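Engineer: What follows is a protein structure lacking sequence information:
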Ligand SMILES: Nc1ncnc2c1ncn2[C@@H]1O[C@H](COP(=O)(O)OP(=O)(O)OP(=O)(O)O)[C@@H](O)[C@H]1O
């Protein structure tokens, strides 16, 4: 728990450092704004004193300085807004890049312990909610003490008694900050948790809409959703109430300072000996709101501060980037492959998902020569998917090593690993976009000739006439749907285009009927030529695909390892 807090603090410090120059620039502009405010109020006080003294001509220089300071404040305020928006946007872009890198480095393993709705919300809502932290909280927190106490000092220099009163009232503000700050942090954290619960619940319901309707539970489920939405509403109202109380307490302190100074200075106000004396008292009174403005900006951004802790905690739960992603290994080995494929060596590999649970992989060893086609079978839960995730580089062995083309997977940059491997899973992901986009996604730089060959070899060409716009038909959410077999051919076409020397497949025909499976096997046979392959499957049809090795895995151990002639 303590270690988590330490990590969170260091992450927040790292974010603050990354935004330091923008924060300092904003604070500097804010300080100029405060100085312009002093010039404005001083000249206004003199003009008012001259008018109140009766009949005296208003000095043109004071009027000019008053207008100049007013225009300067408008311009500085505008510049502040622009800089704040730019600073918030830059920080959000940086965070999204960091998050995406972590998501991609983890791959599918991430979805085993995080809900996809939480991940989507983290990348969108949570990062968006940090805008205020970078754009408002950081500049306000670095400016408020300096800005507020320079106003108090200037008032003190003009009128000692008024300066003392103003300073005294300002001293109670940190107490309010401590009390309401804790309350805001708690309320805001509860609001985020309620929002997350609603998002997860909502996405689950949308995905399972058919199951819910067919089970006759639609109304009950809608009530559940309504309750979750109501909880979020209550939590949000609580955050707003605390924010209102913080703002009201600052206003009370300001009114007390104002009334106190006016009562204390009433004799001077009514019987001032000179315009200068009257201007001094008016200046002290008019500067009261200016003295409280920096704290008001700070308390308005207090909710934003709570967001960084909430988001930071969620981001910290994500696994860190693998070290090889952050460092450039000089002189690192490069995997070697031949025109037959690439060699794969798995040596004494073990892995445990959860401490105290049995090993998911227990001292697994096997060797594939370039061009070998290994069919991996075993009962459910034996460790096939765990092995595949490890070969794809998403998880790392706790013991043993994996050599790809003679190079240790651990020492390779993840992009070097992915270049060597094509992966075909049970259900390929079809993105919203055209069929062409979906296939070219594997190799965006591929030529039209290469695309044509991939369409031919994968048999995608066979169903093109059935699609309304052929290759340009829009697929995915809101687009045209593909059957399981057609979608799997898209995955095979991607693998042809990528042309990687190692093919890894995880039950590529699991959801297909026997006839479609046979068709897919024809395309896969073509794909296997000149490549090494490891195919995890429950289907006996794969024993006819040109298998050269047979591996059986049970309870995390390779129990059978045969080389076939
Ligand atoms: N994220 C995880 N957290 C904890 N345990 C896990 C996790 N993923 C897998 N396991 C466990 O590891 C073991 C191997 O699971 P794995 O998914 O690799 O089996 P499999 O052979 O691919 O099964 P199937 O054929 O059903 O897909 C199982 O006991 C499983 O419960």
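Structural biologist: Right, received. Where do you want to start? Everything numeric here is computed off the predicted structure, so don't read it as measured data.

Engineer: only C-alpha atoms for contact and neighbour calcs from this point on.
Structural biologist: Noted.

Engineer: where does the stretch 451-565 of the chain have low pLDDT?
Structural biologist: Along the stretch 451-565 of the chain, the model assigns pLDDT under 70 to residues 477-480, 565.

Engineer: In it, which residue sits closest to the ligand?
Structural biologist: Distances between the stretch 451-565 of the chain and the ligand by Cα to the nearest ligand atom are smallest at residue 556, namely 7.0 Å.

Engineer: list the contacts for that residue?
Structural biologist: Residues in contact with residue 556 (Cα atoms under 8 Å, 6 or more residues apart in numbering) are 359, 360, 361, 362, 364, 382, 383.

Engineer: Next: residue 311.
Structural biologist: With Cα under 8 Å, 6+ apart, residue 311 has these contacts: 122, 126, 127, 130.

Engineer: separation between residue 21 and the ligand?
Structural biologist: Taking Cα to the nearest ligand atom, to the nearest Å as the measure, residue 21 falls 41 Å from the ligand.

Engineer: follow-up on the earlier one: identify, from the contacts of residue 311, the entry nearest to residue 15.
Structural biologist: Of all the contacts of residue 311, residue 130 has the smallest distance to residue 15: 10.9 Å, by Cα to Cα.

Engineer: Is it correct that the closest one is in contact with residue 308?
Structural biologist: Yes. Using Cα atoms under 8 Å, residue 130 and residue 308 qualify as a contacting pair, with a distance of 6.3 Å.

Engineer: of these two, who's got more company?
Structural biologist: A direct count of neighbours by other Cα atoms under 10 Å for residue 130 and residue 308 places residue 130 higher, at 26 against 23.

Engineer: Kindly provide the distance from the residue nearest to residue 183 when sequence neighbours are not counted to the ligand.
Structural biologist: Once its chain neighbours are removed from consideration, residue 183 has its nearest residue in residue 242; the separation is 6.9 Å (Cα to Cα, 6 or more residues apart in numbering). Going from residue 242 to the ligand by Cα to the nearest ligand atom gives 40 Å.

Engineer: just to revisit the earlier point, just the contacts of residue 556 that are near the ligand?
Structural biologist: With respect to the ligand, and counting by Cα under 6 Å from any ligand atom, the subset of those in contact is 360, 382, 383.

Engineer: could you flag which of those residues are buried?
Structural biologist: 360, 382, 383 (16 or more other Cα atoms under 10 Å).

Engineer: Excluding chain neighbours, what is closest to residue 137?
Structural biologist: Going by Cα to Cα, 6+ apart, residue 137 has residue 301 as its nearest residue, at 5.1 Å.

Engineer: Ok, residue 351 next?
Structural biologist: Leaving aside its sequence neighbours, residue 351 sits nearest to residue 361 (Cα to Cα, 6+ apart; 5.0 Å).

Engineer: Burial check on the one you found, number of neighbours?
Structural biologist: Neighbours of residue 361 under the rule other Cα under 10 Å: 26.

Engineer: and it, what is it in contact with?
Structural biologist: Going by Cα under 8 Å, 6+ apart, residue 361 touches 349, 350, 351, 352, 383, 386, 387, 555, 556, 557.

Engineer: Which two among the residues you listed are spaced furthest apart?
Structural biologist: Looking at these by Cα to Cα, the two members farthest from one another are 349 and 555, with 13.7 Å of separation.

Engineer: more crowded one of those two?
Structural biologist: Set side by side, residue 349 and residue 555 show more neighbours around residue 349, with 22 against 18, by other Cα under 10 Å.

Engineer: Surely that one is in a strand?
Structural biologist: Yes. Secondary structure assignment (DSSP: H, G, I helix; E, B strand; the rest coil) places residue 349 inside a strand.

Engineer: From the ligand, how far out is it?
Structural biologist: Taking Cα to the nearest ligand atom as the measure, residue 349 and the ligand are separated by 14 Å.

Engineer: and this protein, which residues reach the ligand?
Structural biologist: By the rule Cα under 6 Å from any ligand atom, the part of the chain lying against the ligand is 112, 353, 354, 360, 380, 381, 382, 383, 384, 385, 386.

Engineer: Tell me how many other residues crowd the fifth one.
Structural biologist: In this case it means residue 380. Other residues close to residue 380 by other Cα under 10 Å number 11.

Engineer: same check, this time on residue 355
Structural biologist: Applying other Cα under 10 Å, we find 7 other residues in the vicinity of residue 355.

Engineer: Three-state assignment for it, please.
Structural biologist: Using three-state DSSP, the three-state assignment for residue 355 comes out as coil.

Engineer: One more: the one 3 residues further on?
Structural biologist: Three-state assignment for residue 358 (three-state DSSP): coil.

Engineer: Would you list the phi and psi of it?
Structural biologist: Dihedral angles of residue 358 (phi, psi; degrees, to the nearest 10) stand at phi -60, psi 160.

Engineer: Next one: the nearest residue to it once chain neighbours are set aside from residue 238, what distance?
Structural biologist: Counting by Cα to Cα, 6+ apart, the nearest residue to residue 358 once its immediate chain neighbours are dropped is residue 352, at 6.7 Å. Spatial separation of residue 352 from residue 238 under the definition Cα to Cα, to the nearest Å is 43 Å.

Engineer: And for residue 362?
Structural biologist: With distances defined as Cα to Cα, the gap from residue 362 to residue 238 amounts to 52 Å.

Engineer: Would you map the helices across the stretch 451-565 of the chain?
Structural biologist: For the stretch 451-565 of the chain, applying DSSP state H, counting those that start in this stretch gives helices covering 460-463, 484-498, 514-528.

Engineer: what helices or strands is the shortest one leaning on?
Structural biologist: It stands for helix 460-463. In terms of contacts (3 or more Cα pairs under 8 Å, 6 or more residues apart in numbering; DSSP states H and E), helix 460-463 is packed against helix 484-498.
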